[in-house]
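>>> okay, sequence plus prediction incoming.
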Amino acid sequence: MQSIYKTFFAFLIALTPFMAQAQIDGEFVKPRSGKFLLQNATVHTITKGVLSNTSVLIENGKIAQIGSSIQAADAEIIDCRGMVIYPGMIDSGTTLGLVEVNSVAETVDYQEIGNFTPNMQALTAVNPNSEAVPVTRVSGVTTVMSIPQGGLFPGTAALINLVGYTPDQMYAGFKAVVMNFPSSARRGRFDRRSDEDIKKDNEKAQKEANELWEKAKNYHELTSKGATLEYYPEIAQLAKVVAGELPLMIEVNAAADIQNAIKWVADKKAKVIFSGVDEGWRVADEIAKAGIPVLTGPVQDLPTRQSDRYDAAYANAGKMAKAGVKVALRTNDSENVRNLPFHAAFAAAYGLGKEEAWKAVTINPAEIFGLADQLGSVEVGKVANLIVSTEDPFETRAQIMHVFINGYRIPLSNRHIRLYQEFLERSPALKKN
Amino acid sequence: MKKLSYILAALVGLSMQFAIAQTPKGSILIKNATVITVTKGTLENTDVLVQDGIIRRIGQNISAPSGVQTIDASGKYVMPGIIDAHSHVALDVVNEATAPIVAEVRMKDVVNPYEIGIYRALAGGVTVSHAMHGSANVVGGQNATLKHRWGSSNPADIIMQDAPRTIKFALGENPTRVHGRGNGIQPRSRMGVEAILRNGFSEALQYKKRWADYNAAKSQKGNTMVAPEYDERLQTLVDILDGKIIIHCHSYRADEIYMLINVARDFGIKKLVFQHTNEGFKVAPEIAEYTMGASVFADWWAYKFEVYYSTAFNAAILQKNGAITSINSDSAELIRHLYHEAAKTQRYGGMTDDEALAMITINPAKQLGIDDKVGSLEVGKQADIVIFEGHPLSSYAIPQMTFVDGVKYFDIKEDKDDQRQQVSATEMVEPIMLTEENHRCMQDTEHLFETANALFSLHNH
């Protein structure tokens, strides 16, 4: 009897793989690491010119070699003849990973309750499995700033690479405390405050910012003298900005506000980055003089004023760069961060130029984030964030053929592509049979 | 009596003259361009002659008739004026959100020719836009097809008078939110949306019969029948049933698209275009077989739940399945670069240049019923033309000049810092809008909801 059971059990166990195969059709392709040799491409290094007929070796997640005759017998060879290699693009401002469906509140994690919440960590709420992640990275955007939104100090933003199963695996090494600088502008048409109320709100917010900064300063002075203070996570986080441990990313857009922000930071020792900067072109010289780098965009955006030229937003990045501002670009998007190359193309066409536009989505943000030794160009020793394209990836007709992030070869699939595969030729088509 | 009719005739004649005089028509010769006709191939080194607002000749070595200005377009690309099949440009209000059916409402009553958005659209090569009612109602108001004759102060001048009537329908989340959740009446679900449609059309059939009975009885001797009460709402539905109005239906999910196809077939309605249609790719064979196609976004998705299962390959799938497919903006921002939006169908689905450009020219023209007048560069058509620096499907393309009826309304070289036509006398300081409202499909419904701001989050259509 015992043996019958045993036989039956053995039979069942033997059956399981077949059952699994009956249920699961096809194969799932995962990102995979390894040693890859991208052979015979035109390599746009960004920092060291354009190298024709050149190969790039990826090993241990890094760019191991660049050259025309790399010997790597054990590497997986990827023929890139006729193609171009660029560094992965960096989007300097998104809510990617922090929201799945914007109108469904349950899926929105970029905004907390409260006006002063700098201790809120974007990185903790980034969903590594958001559908938007694979949708984004097949476009060649490999790295994004994910930024909390809302109050005066809404939280701490984080730079992430678009590969990994946990936020820590995705983390790319840069965080900044976000500040929404008190604004003299309207938020939009729905903003029906009177001019006077806007002025009052602005003054109130300015006062609040000053008071909080003073508190953080005191907190920092006391703790650096060894004082033990009560638990105050908000001020503790802002104190890191005062101490220069974390940069302050100031979202500021209207010209007058930009000027105020420049004044506000002048006597502060904090590392400051401006973001948004919609009207930067009006005060570009002042931003350049202050030496504050800028994360600007979206480029494909309406002018802030009715009287502005139609291309004010297209031309903004170019005008700031010409004035000497260090400019990086952002989409300020969540699900359509994939359009970063097209925003960059518009900036290029309307004054920034192709070369500077490429820098604005690669080496410039890497430098602004203090990661120029790791990201933003095709150089030996840097993180292997690379894209291979049939042509200039800013062109819509370009097809991105390969994407590497952290040295992982990324499967060029996502739900958009799978739906295309499923529905292009439906079966059944029109008739039932 | 005779005198009166003379005066009347004179008045009618005068007003007609007035109307003609109000629509400027230009003459121009564009030389040595790459001419993208969209329907008849792309011609190198070619000239286009426009006289009195009409394309007269396309060919080589055309010389300018006397008085016709010549534009040297060497190295430049010339294409038909871009047509946006879904916009809310130049509309003072968008939604009449008071009932599930408001077919009597007309957008041409709220056209604002001063809106700077018209000029901005021209700067993006758009010459015709379909200014639509919002999506708050199952059957919304009647839309206006506009020609971007920037500079007139008369709303009638920017309305394309020879375009057929169209009407807005809407399915799914927006009408169920406004009526079911906002007002506590049907429809609250997609079941209710279908019921509203079937009830409405059935009532319209009864209304039509009442008038037919009355009209038949009227000629009979000794008739005592009283005329039925006139109802503009039902009459408009009758006009839809009679094929006089093209339906443009806001829709996202495949099931609701399929539902409306079935309703339309049951009521013998053939003039039907789907708008947005994010899941159109799932029912592409049905859309191709039974409707005038779909007008879609190039890549928008995930801004609300009913567009979560979208694909940027939607337009390509629809096109390859034989559906008439256009790319629209529904946005004051996107309308400025529809050429770029169309180009995205090359990344997502490998459309050819002509296929991609058809999606913003001849295809939307078909869906608006104006393809005999505009939408391609052909002799005899109205001279709505754009000149580009760079191929219009390149990400680096820049529109240089835009013509409507042969009249130039945009020239990048003459673009001024302030292009507004009207500056408010009470406006001391010009407002700065940090997030200009790009999307207006649900505008004028905010009073129905507590969280108006959530309703107006950036992407809301």
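Structure's in. What do you need?
>>> only C-alpha atoms for contact and neighbour calcs from this point on.
Noted.
>>> and stretch A:333-350, how far apart are its ends?
21 Å (CA to CA, to the nearest Å).
>>> same check on stretch A:67-87?
16 Å.
>>> in it, what counts as buried?
The neighbour-count check on stretch A:67-87 (16 or more other CA atoms under 10 Å in any protein chain shown) flags A:67, A:80, A:83-87 as buried.
>>> outline the domain layout of chain A.
According to automatic domain parsing, chain A comprises the domains A:22-87+A:376-433, A:89-375.
>>> want to throw those domains into TSV with distance to chain B?
Listed next are the domains of chain A as TSV, based on distance: least, CA to the nearest CA, whole Å:
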stretch	distance to chain B
domain A:22-87+A:376-433	4
domain A:89-375	5
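>>> can you list those domains in JSON lines and add mean pLDDT?
Shown next, in JSON lines, are the domains of chain A (pLDDT from 0 to 100):
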{"stretch": "domain A:22-87+A:376-433", "mean pLDDT": "96"}
{"stretch": "domain A:89-375", "mean pLDDT": "96"}
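>>> among those domains, show me which one is buried the most.
Mean neighbour count (mean count of other CA atoms under 10 Å in any protein chain shown) peaks for domain A:89-375 among the domains of chain A, with a mean of 21.
>>> just to revisit the earlier point, quick one: closest of the domains of chain A to B:Pro187.
Nearest to B:Pro187, of all the domains of chain A, is domain A:89-375, at 19.9 Å by CA to CA.
>>> measure the closest one end to end?
10 Å.
>>> tell me the gap between the helix or strand encompassing A:Lys199 and the middle of its chain.
Using DSSP states H and E, A:Lys199 maps to helix A:195-224. Mean C-alpha position of helix A:195-224 versus that of the full chain (CA atoms, centre = their mean, to the nearest Å) differs by 29 Å.
>>> give me the low-pLDDT residue ranges for chain B?
B:1-22, B:424-429, B:435-439, B:446-461 (pLDDT under 70).
>>> next, residue 316: secondary structure please.
All of this is about chain A. Using DSSP: H, G, I helix; E, B strand; the rest coil, the structure places A:Asn316 in helix.
>>> right idea, wrong chain: chain B
On the basis of three-state DSSP, B:Ala316 is classed as helix.
>>> could you report the neighbour count for it?
The number of residues packed near B:Ala316 is 26, by other CA atoms under 10 Å in any protein chain shown.
>>> which non-adjacent residue is nearest it?
Excluding its sequence neighbours, the residue lying closest to B:Ala316 (CA to CA, 6 or more residues apart in numbering or on different chains) is B:Gly349, at 5.2 Å.
>>> show me where the stretch 51-200 of chain A has strands.
Assigned by DSSP state E, counting those that start in this stretch, the stretch 51-200 of chain A shows strands spanning A:62-67, A:76-79, A:84-87, A:89-94, A:141-146, A:155-161, A:171-180.
>>> what residue is smack in the middle of chain A?
In chain A, the C-alpha closest to the average C-alpha coordinate belongs to A:Val144, at a distance of 1.3 Å (CA atoms, centre = their mean).
>>> tell me the spacing between the spatially closest residue to it that is not a sequence neighbour and A:Gln374.
Spatial nearest neighbour of A:Val144, chain neighbours left out: A:Asp91 (4.6 Å); criterion: CA to CA, 6+ apart. Distance, A:Asp91 to A:Gln374, using CA to CA: 16 Å.
>>> kindly report the same for B:Arg181.
According to CA to CA, B:Arg181 and A:Gln374 sit 52 Å apart.
>>> what strand or helix carries the residue nearest to B:Ala316?
For B:Gly349, there is no enclosing helix or strand under DSSP H and E.
>>> ok, it - contacts?
Shown in contact with B:Gly349 (CA atoms under 8 Å, 6 or more residues apart in numbering or on different chains): B:313, B:316-317.
>>> now do B:Asn45
Neighbours of B:Asn45 in contact, by CA under 8 Å, 6+ apart: B:31-35, B:60, B:74.
>>> and if we set it to 6 Å?
Contact analysis of B:Asn45 by CA atoms under 6 Å, 6 or more residues apart in numbering or on different chains lists B:32-34.
>>> all helices for the chain, in order.
If you meant another chain, say so; for now it's chain A. Secondary structure of chain A (DSSP state H): helices at A:2-23, A:122-125, A:132-137, A:167-170, A:195-224, A:233-242, A:255-266, A:284-290, A:312-322, A:340-347, A:354-360, A:363-368, A:415-423.
>>> wrong one, I was asking about chain B
Going by DSSP H, chain B shows helices at B:2-22, B:116-123, B:155-158, B:173-175, B:190-218, B:232-241, B:254-266, B:284-290, B:314-320, B:338-347, B:353-358, B:362-368, B:452-455.
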